[in-house]
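1. Structure for this input, please:
(chains A and B)
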Amino acid sequence: MITLTGLTKRFGASTAVDHLSLDIAPGRVTGFLGPNGAGKSTTMRMILGLDRPTAGTALVGGRPYASLRHPLRHVGALLDAKAVHPGRTARAHLRAMAHSNGIPVRRVDEVLATVGLTGVAGKRAGTFSLGMGQRLGIAGALLGDPGVLMFDEPVNGLDPDGVRWIRQLMRSLAAEGRTVFVSSHLMSEMQLTADQLVVIGRGRLIVDAPIAEVIAGSSRTVVRVRSPQPAGLAALRDRLAARSVTVEPGDADELLVSGADVALVGDLAHDLGVRLHELSTREASLEQAYLELTADSLEYSGPATSPATGPATSPATGPATGRATSPATVTATSPAIGPDPQERA
Amino acid sequence: MSTVPTRGLDPAASSSPARGSAPTAGVPTGGGLAAGVPTGGGLAAGPPTGGGLAAGVPTGGGLAGAVASEWTKLWSVRSVWWALLAGFLLMAATAAQLAIYVQNSNTSVDPTDDRGVVALGRIAIDSVEPTQFAVLAMAMLVITAEYSSGTIRATLQWTPSRGHVILAKTIVVAGVTFVLGVLLGALGTLVAAPILGDWGRYEPTETLGDVLGVGAYLALISVFTLGVGAALRGAVATLTSVFLVLTVVPATLGLTNVTFVQRIADAMPGTAGLHFLRGDTDPYPPPVGLLLLTTWAALALLSGHTVLHRRDA
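-> Reported below is the predicted structural model:
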């Protein structure tokens, strides 16, 4: 359980995190989303006592992180996979970590096996690929068998097998009753992994809701109605409009209704005696719901960005909006994102 | 000893069905990446592959844990071993050179050159000045490498108490550099002895005192460097500052004839340390030199702790 109360962080004149109050519950995966610069990493750093909040508190299991005698036994975190001395071997890094919290050293080999790094345990971390570094960071997070786990962009640099592995690991950790708090830019991945969604923008809480609710609440989630009776369809449209429900005409024989569920539309159609050939919900993707939610709070957005765009324009306005604005960044990061041959070694 | 029950570690908590298994449970391992993906069945249903930490009340951690961690970190990077090697080579070379000087002076035709019989420990002490920078580099890396590699964030995650982090580093650095100093002092003495022959004086108590003095000096000056490193965070800034304070500034100040300025030079950490090592009675007795050096080390540590405490990692 992580409890944030009025958590605020200012850097000079800019406010990175603004009165964030939040409970992150155990037993489920909570996805942490927001545009670049929204304050996700700063929030995680404050939970770990690395950054000092300007105001408010961040508690882990009811206590500030800094007051824990064995913090690694309470909270495992992967914040920055590069936070390993490049000259130190993976095993030495984890041994030093184990010693600091009185964790038995045998645990080091256990977590190395869990993340599949046993074969390279004696290699210096500086020689690791991005994906291997992520795995070492995850090994560190698991070392103390903690009840709370935090991952900042854990699938960064992992190949598809690795991504699937992380997803299943997080699901299993949550199933064991642990608190799993994970930030990501990959919406499709979040949709598969998270139960609960926390979205922040400009340091403020935008949404804290179950993922199904977030998707259902999107204006891109629509009820599709098809009828062979054009007059009946028009009557249905008027009845819906009277309830201030948004109705868009689709093809000649269909209506796209947002803001009402199938039950309401079906009941109204029944009342009007309209014959229906289809009554279905077309769900928005998490990406669509997310872009809609954060449209007003983009910190770094490109000129081409328009809110709530569908997959058709996604290459320009994908989840990593900030990246699309800078070709240099795309070049720098894309080689690391693909499957890494070294990882198989 | 913490008595606070922790999720997954408290025996009572881990006996509940939901929390009984280690994080490894459900993620069978071995045989490469593909095998790391659970095969069939519920994720939580897989057999535990490790004991986790479920048994027993947690012990360790705290300052003792931080010290053990720092010790492990120190010896697991190559730069430390290079610094050690450099230290031993510098000491052996400098001691040999100084001993040869004495030998040459005493056997030259000009009697004014004569330095007579020289204490073996004195050769080791005079060799400390160039040798110390290898030791200081090692002490400095204990903190500045944390900032350059970003591991400071990991270290503070493992040991959230800034005081414990600084204290643990101090204990490890002081302990290691003291022993190293004693070994270096002994090495300098051993190298000088055969070269000086009859011109060298060996008295067990005196030589032992000199060798222990080298250990104490290097330990204190290393702790001073550690403190400066924690305050400045960068290797270049730290090494430059320490070099200036130890050698350049006192040498420059010493050039003037103004007594007050010379007093300042005498109070600098390097000068104070050398006055202590050489057993000088002027400008102050050796214990005062030791006290001055200790004060410098303590002040540097304090400023390092303040910076670590105040600033975000």
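
2. now the closest residue to chain B within the stretch 1-150 of chain A, nearest residue through space, not along the chain?
-> In the stretch 1-150 of chain A, the residue that lies nearest chain B is A:Gly102 (1.9 Å; CB to the nearest CB). In short, each C-beta sits where N, CA and C put it, glycine included. Excluding the flanking residues, the one nearest A:Gly102 by CB to CB, 6 or more residues apart in numbering or on different chains is B:Gly60, at 1.9 Å.

3. Just the CA trace of stretch A:71-87, in PDB.
-> Provided in PDB are the C-alpha atoms of stretch A:71-87 (Å, rounded to 0.1, in the frame of the first residue of the first chain):
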ATOM      1  CA  PRO A  71      13.600  -0.700   3.100                       C
ATOM      2  CA  LEU A  72      14.400  -3.300   0.400                       C
ATOM      3  CA  ARG A  73      12.300  -5.800   2.300                       C
ATOM      4  CA  HIS A  74       9.300  -3.400   2.000                       C
ATOM      5  CA  VAL A  75       9.800  -1.800  -1.400                       C
ATOM      6  CA  GLY A  76      11.500  -3.000  -4.500                       C
ATOM      7  CA  ALA A  77      12.000  -0.400  -7.100                       C
ATOM      8  CA  LEU A  78      13.300  -0.200 -10.600                       C
ATOM      9  CA  LEU A  79      13.700   3.500 -11.300                       C
ATOM     10  CA  ASP A  80      16.800   3.800 -13.400                       C
ATOM     11  CA  ALA A  81      18.400   0.700 -14.800                       C
ATOM     12  CA  LYS A  82      21.600   2.600 -15.400                       C
ATOM     13  CA  ALA A  83      22.100   3.200 -11.700                       C
ATOM     14  CA  VAL A  84      24.700   0.400 -11.600                       C
ATOM     15  CA  HIS A  85      28.400   1.000 -11.500                       C
ATOM     16  CA  PRO A  86      29.600  -0.100 -15.000                       C
ATOM     17  CA  GLY A  87      32.700  -1.700 -13.600                       C
END
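
4. which SS state does B:Pro283 fall under?
-> At B:Pro283 the chain is in coil, as set by DSSP: H, G, I helix; E, B strand; the rest coil.

5. Determine the set of other helices and strands touching whichever strand or helix holds B:Glu70.
-> B:Glu70 is part of helix B:62-75, with elements assigned from DSSP states H and E. Where contact means 3 or more CB pairs under 8 Å, 6 or more residues apart in numbering or on different chains; DSSP states H and E, helix B:62-75 is packed against helix A:90-100, helix B:120-149, helix B:151-158, helix B:162-196.

6. mind redoing it with 6 Å?
-> helix A:90-100, helix B:162-196 (3 or more CB pairs under 6 Å, 6 or more residues apart in numbering or on different chains; DSSP states H and E).

7. returning to what we had before: for the residue nearest to A:Gly102, helix, strand, or coil?
-> coil.

8. ditto for A:Ala38
-> Classification of A:Ala38 using three-state DSSP returns coil.

9. What degree of burial does residue 136 show, as a neighbour count?
-> Reading this off chain A. A:Leu136 has 25 neighbours, counted by other CB atoms under 10 Å in any protein chain shown.

10. meant chain B, my bad for not saying
-> Neighbour number of B:Leu136 under other CB under 10 Å is 26.
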